[in-house]
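Novice: predicted model and sequence follow; I will ask about them next.
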Amino acid sequence: MSRIVLRGENLWKSFDRREVLRGIDIELGSHEVVALIGSSGSGKSTLLRCLNLLEPIDDGRILLNDDDISDPRVKVDAVRARFGVVFQAYNLFPHLTVLQNITIALRTVHRLGRSDADAEGMRLLERIGLADKARVHPDRLSGGQQQRAAIVRAVASKPEVLLLDEITSALDPELVGEVLALVRELGNEGTTILMATHEMAFAREVADRVLFLDAGVIVEQGTPAQLFGAPKEARTRDFLRRFAA
């Protein structure tokens, strides 16, 4: 593995008395694309939310480029600014135009001037074929266009890690492909990505490594060829069999 960008050590998280993460160890290398798979309720979303401090962990340690971001003295907002995050719901600000959505972090967090931020925002919109939508509001976009704009907003500030949480689950099937194509492109360009996904074919095609979560534990991990082609654990085989059914 290349240089470790993000590391979680012995992560535990409970809600009330229900243990959701149970001693998870995870590492993400520079420019690596890692897919998290598992049933609903397995802990995928909670793991992503804990890694960028949207949820506090109960125990363990999280290191981002060797900085201990789980230290209680850490400035949480400053840490979150080092991540790009995209959820299932697009979470674009409805009162802002598409361009304003993409540039808001560049201006408010990274202190880029408006003209420079707008120029970068337009460059990104042109790249994904949405330059003609720059001045409209998100409700004028299709679901696929909204999700692509959300992904571009997340990568505009050049995050150290991009976290993607089931980004296609709210989309109509015909819109899924255009969103996954953008993720594939980002991965090919070297963006470090950790994504929770139920798109097994996409994980097989794009991920460098796949982690199978079940009941808050990483049961098995490996290359897509290893995990999908010859899973070692019975729980992994059962999950893949059910998913393919």
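Specialist: Great, that's in hand.
Novice: starting at the chain centroid, how far to the helix or strand of the chain with the lowest mean pLDDT?
Specialist: Lowest mean confidence among the helices and strands of the chain (mean pLDDT, DSSP states H and E): helix 173-188, at a mean of 84. In terms of C-alpha atoms, centre = their mean, to the nearest Å, the centre of helix 173-188 is found 13 Å from the chain centre.
Novice: can I get that helix in PDB, CA atoms only?
Specialist: Extracted in PDB, the C-alpha atoms of helix 173-188 (Å, rounded to 0.1, in the frame of the first residue of the first chain):
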ATOM      1  CA  PRO A 173     -31.500   3.700 -12.400                       C
ATOM      2  CA  GLU A 174     -31.000   5.600 -15.700                       C
ATOM      3  CA  LEU A 175     -29.100   8.300 -13.800                       C
ATOM      4  CA  VAL A 176     -26.700   6.100 -11.900                       C
ATOM      5  CA  GLY A 177     -24.300   5.600 -14.700                       C
ATOM      6  CA  GLU A 178     -23.400   9.300 -15.200                       C
ATOM      7  CA  VAL A 179     -22.600   9.700 -11.400                       C
ATOM      8  CA  LEU A 180     -20.500   6.500 -11.300                       C
ATOM      9  CA  ALA A 181     -18.600   7.700 -14.400                       C
ATOM     10  CA  LEU A 182     -17.500  10.800 -12.600                       C
ATOM     11  CA  VAL A 183     -16.300   8.800  -9.600                       C
ATOM     12  CA  ARG A 184     -14.400   6.500 -11.900                       C
ATOM     13  CA  GLU A 185     -12.800   9.500 -13.500                       C
ATOM     14  CA  LEU A 186     -11.800  11.000 -10.100                       C
ATOM     15  CA  GLY A 187     -10.300   7.600  -9.100                       C
ATOM     16  CA  ASN A 188      -8.300   7.400 -12.300                       C
END
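Novice: in this protein, which spans are strands?
Specialist: In the chain, the strands defined using DSSP state E lie at 4-15, 18-29, 33-37, 59-64, 67-68, 83-86, 161-165, 193-196, 209-214, 217-222.
Novice: can you redo the ones you listed as CSV with mean neighbour count and distance to residue 177?
Specialist: Just so you know, the C-beta spots here come from the backbone N, C-alpha and C atoms, and that holds for glycine as well. Below are the strands of the chain laid out as CSV (neighbours: other C-beta atoms under 10 Å; distance: least, C-beta to C-beta, whole Å):
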stretch, mean neighbour count, distance to residue 177
strand 4-15, 18, 28
strand 18-29, 18, 26
strand 33-37, 25, 17
strand 59-64, 17, 32
strand 67-68, 13, 37
strand 83-86, 23, 17
strand 161-165, 23, 16
strand 193-196, 25, 16
strand 209-214, 22, 20
strand 217-222, 18, 26
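Novice: pLDDT value on the nearest residue to residue 180 once chain neighbours are set aside, please?
Specialist: Nearest non-adjacent residue to residue 180, counting by C-beta to C-beta, 6 or more residues apart in numbering: residue 202, 5.1 Å away. Residue 202 carries a pLDDT score of 87 in this model.
Novice: next one: residue 67
Specialist: On pLDDT, residue 67 comes in at 95.
Novice: quick one, what contacts it?
Specialist: Applying C-beta atoms under 8 Å, 6 or more residues apart in numbering to residue 67 gives the contacts residue 74.
Novice: which residues does it bridge with?
Specialist: Assessed by DSSP bridges, residue 67 has beta-bridge partners residue 64.
Novice: what separation is there between it and residue 26?
Specialist: Noted for residue 67: a distance of 16 Å to residue 26, by C-beta to C-beta, to the nearest Å.
Novice: how many neighbours does residue 126 have?
Specialist: 12 (other C-beta atoms under 10 Å).
Novice: nope, residue 178 is what I was after
Specialist: Residues contacting residue 178 under the criterion other C-beta under 10 Å number 18.
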